[in-house]
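J.: When you get a sec, could you give me coordinates for this:
(one chain, ligands or ions: 2)
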Amino acid sequence: MTAGVDRGMTRFAGSDGNFCGMELSKPAVAARKLTKVYGAGEARVLALDSVDVDFAAACFTAIMGPSGSGKSTLLNLLAGLDAPTSGSVQLGGKDLTGLGDNELTAWRRTHVGFVFQAFNLLPMLTAAQNIRLPLDLAGDKLDREWWDTVVDTLALRDRLNHRPSEMSGGQRQRVALARGLITRPDVIFADEPTGNLDTRSGFEVLSFLRRSVRELGQSVVMVTHDPAAAAYAERVILLADGRLAGEILHPSKEAVLAALDELTTLVNV
Ligand SMILES: Nc1ncnc2c1ncn2[C@@H]1O[C@H](COP(=O)(O)OP(=O)(O)OP(=O)(O)O)[C@@H](O)[C@H]1O
Ligand SMILES: [Mg+2]
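T.: Ligands and ions are numbered 1, 2, ... in the order given. Okay, the predicted model is just below:
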């Protein structure tokens, strides 16, 4: 049993991993004319400028772009962690922008997984308690089979009774990922999930994200600065000055580097 089978998505998960064709599926998350303005008057910043973008289900998408281009803003709006100034976000077939605060919180708990760069684990809870926290908050029962899949795939079995302070950075990040996965969300959003990790731990996390897409039908949207990390994705979206500036399908590290170079040149002109 996998999440992919549950949602009828495995037909897209070919062994070559090339299943991000938008025509094949309804998007897991879609933004329409998404706009975010911070501040007012002289301090006004147009962080996102009428962005239209779809993210296919069972696809691993990376978001890249220069610092300040709006990547975290986009991720936060897509995940319903912040409200847009205008425009809409559809996630799991629901318009998030139409929901009230309580409804949104409840929806997010079961449909969205968010992996923060700083992990955001609760220090007094063990790894096991941190992982099951979203289920406990939502009052949902633990699916033992799914728990075993997540815990074993992330190689956390022998760390379940440890507190975050007793774990390495890579292990903490894997606990944060497990917490994001445990509710089987429609989409996992990750903001620089490898930013704090050494190369080996970063590789473990990226490999897991890719496997969760290919083998479990998970949809993943990840912000990263690292072209090598972006090359794990099946699609890269480029942002510049709060707008979509390009897209790379089946990216290689070299293709990502070249696109970023071009983008920086354009932005600096
Ligand atoms: N809470 C805020 N108040 C005011 N301005 C903000 C706020 N958050 C972000 N901004 C501004 O919005 C723009 C986009 O910020 P955002 O954090 O989305 O960029 P980013 O692409 O994630 O950058 P980085 O790569 O440095 O993380 C920036 O100009 C930033 O200064
Ligand atoms: Mg950011």
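
J.: Chain neighbours aside, what residue packs nearest to residue 124?
T.: Leaving aside its sequence neighbours, residue 124 sits nearest to residue 163 (Cβ to Cβ, 6 or more residues apart in numbering; 7.1 Å). (Each C-beta comes from the backbone N, C-alpha and C, glycine too.)

J.: Sorry, slip of the keys, the one I care about is residue 89.
T.: Excluding the flanking residues, the one nearest residue 89 by Cβ to Cβ, 6+ apart is residue 96, at 4.5 Å.

J.: In contact with the one you found: list those residues for me.
T.: 80, 88-90, 104, 107 (Cβ atoms under 8 Å, 6 or more residues apart in numbering).

J.: Buried subset of those, written for ChimeraX?
T.: A single ChimeraX command selects the buried members of those (16 or more other Cβ atoms under 10 Å):
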select :80,89,90,104,107
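
J.: Can you lay out the contacts of residue 96 as JSON lines showing secondary structure, distance to ligand 1 and pLDDT?
T.: What follows is these, written out as JSON lines (DSSP: H, G, I helix; E, B strand; the rest coil; distance: Cβ to the nearest ligand atom, whole Å; pLDDT from 0 to 100):
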{"residue": "80", "secondary structure": "coil", "distance to ligand 1": "16", "pLDDT": "94"}
{"residue": "88", "secondary structure": "strand", "distance to ligand 1": "18", "pLDDT": "97"}
{"residue": "89", "secondary structure": "strand", "distance to ligand 1": "15", "pLDDT": "97"}
{"residue": "90", "secondary structure": "strand", "distance to ligand 1": "21", "pLDDT": "94"}
{"residue": "104", "secondary structure": "helix", "distance to ligand 1": "19", "pLDDT": "91"}
{"residue": "107", "secondary structure": "helix", "distance to ligand 1": "23", "pLDDT": "88"}
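
J.: Check what pLDDT the nearest residue to residue 175 once chain neighbours are set aside gets.
T.: If the residues on either side of it in the chain are set aside, residue 175 comes closest to residue 127, at 4.8 Å by Cβ to Cβ, 6+ apart. What the model reports as pLDDT for residue 127 is 97.

J.: oh, and call the first residue 242 from now on, that's how I've got it
T.: Noted, 242 is the first residue going forward, which turns the last one into residue 368.

J.: Could you check how far residue 368 is from residue 412?
T.: Counting by Cβ to Cβ, to the nearest Å, the separation of residue 368 from residue 412 is 8 Å.

J.: Give me the more crowded residue out of these two.
T.: residue 368 (26 against 20; other Cβ atoms under 10 Å).

J.: residues in the stretch 242-391 of the chain within reach of ligand 1, list them.
T.: Within the stretch 242-391 of the chain, the positions adjacent to ligand 1 are 279-280, 286, 288, 306, 308-314 by Cβ under 6 Å from any ligand atom.

J.: Count the residues that sit near the closest residue to ligand 2 within the stretch 292-441 of the chain.
T.: With distances taken as Cβ to the ion, the stretch 292-441 of the chain approaches ligand 2 most closely at residue 313, which sits 3.1 Å away. For residue 313, the count of nearby residues is 17 (other Cβ under 10 Å).

J.: Also residue 393?
T.: If we define neighbours as other Cβ under 10 Å, then residue 393 has 10 of them.

J.: Just say helix, strand or coil for it.
T.: What DSSP: H, G, I helix; E, B strand; the rest coil gives for residue 393 is helix.

J.: Just the pLDDT at it, thanks.
T.: pLDDT, residue 393: 85.
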